[in-house]
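> Mind looking at a prediction? Sequence and model below.
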Amino acid sequence: METSSKRVDTALLIMDIQPATMQMLDGPAGAAPLVSALQRAIGAARAAAIPVIYVIVGFRKGFPEVGPFNKGFSALTRGAGFPGLENPEVDAVVAPRPGDIVVTKRRVSAFAGSDLEVILRARRIDHLVLTGIATSGVVLSTLREAADRDYGLTVISDACADRDAEVHSVLLGKVFPRQADVLTAAEWAAALGK
């Protein structure tokens with residue numbers, strides 16, 4: 001199977017895999033399939049010399065980037081929400097290696113409030129392979145914005161997770177295929193090996 005994801009101008013994005021978001025998956029047992037798929041995708045990318053870019057959500061102390069009308073993030077300014085967003089880090093299960101790039105974003109999309117676009121353009125990357133938590137959050141928002149910016153797209157289905165299994169399924173089965181190739185980590189790794 002030849003896919004558009006087998007390119008030298010591709011980057012693998014590991015998005016919002018942080019201690020705070022991993023808690024959404026009902027403990028280590030719930031996260032195990034996701035972690036396995038992420039590790040397989042990262043290994044395949046490294047073997048193919050594809051850059052691995054980690055995207056995390058984070059804010060300055062006191063959340064000055066969050067306005068009162070932002071329904072999704074305004075709870076943070078009232079002391080509610082996820083801990084660890086003032087000092088964000090990638091979860092240790094997929095820790096970056098020296099030379100990997102970590103991008104901090106300020107909203108849901110990987111592009112919002114980050115320098116991701118600058119990094120991608122500097123490296124002449126025009127195809128993104130998306131993974132992350134949540135399928136209905138960072139993956140959906142990044143896919144839509146990347147498509148509008150004319151990036152080629154692949155979504156690694158088993159390297160995405162969401163609290164809502166039905167929404168996850170609809171996005172991967174009906175919505176994402178309109179703008180991206182949707183493959184499992186094993187399928188993507190096999191395509192890279194051709």
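Everything's here; your move.
> So residue 128 versus residue 103, what's the distance?
In this structure, residue 128 and residue 103 are 12 Å apart, going by CB to CB, to the nearest Å. C-beta: built from backbone N, CA, C; applies to glycine.
> any idea which helix or strand of the protein has the worst average confidence?
Of all the helices and strands that make up the chain, the one with the lowest confidence by mean pLDDT, DSSP states H and E is helix 74-77; it has a mean of 54.
> Residues contacting the longest strand along the chain, please?
The strand of greatest length in the chain, counted in residues with DSSP state E as the criterion, is given as strand 152-161. Under the contact criterion CB atoms under 8 Å, 6 or more residues apart in numbering, strand 152-161 has outside partners 3-5, 7, 10, 24-25, 31, 33-34, 37-38, 40-41, 126-135, 139, 143, 146-147, 168, 172, 176, 179-185, 188.
> Go ahead and produce PDB holding the CA coordinates of the helix or strand following it.
Heading C-terminal from strand 152-161, the first helix or strand you meet, by DSSP states H and E, is helix 165-170. What follows is the C-alpha trace of helix 165-170 in PDB, where atoms were taken according to Å, rounded to 0.1, in the frame of the first residue of the first chain:
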ATOM      1  CA  ALA A 165     -15.500   6.500  22.200                       C
ATOM      2  CA  GLU A 166     -18.300   7.300  19.900                       C
ATOM      3  CA  VAL A 167     -16.900  10.700  18.900                       C
ATOM      4  CA  HIS A 168     -13.500   9.100  18.500                       C
ATOM      5  CA  SER A 169     -15.000   6.500  16.100                       C
ATOM      6  CA  VAL A 170     -17.000   9.000  14.000                       C
END
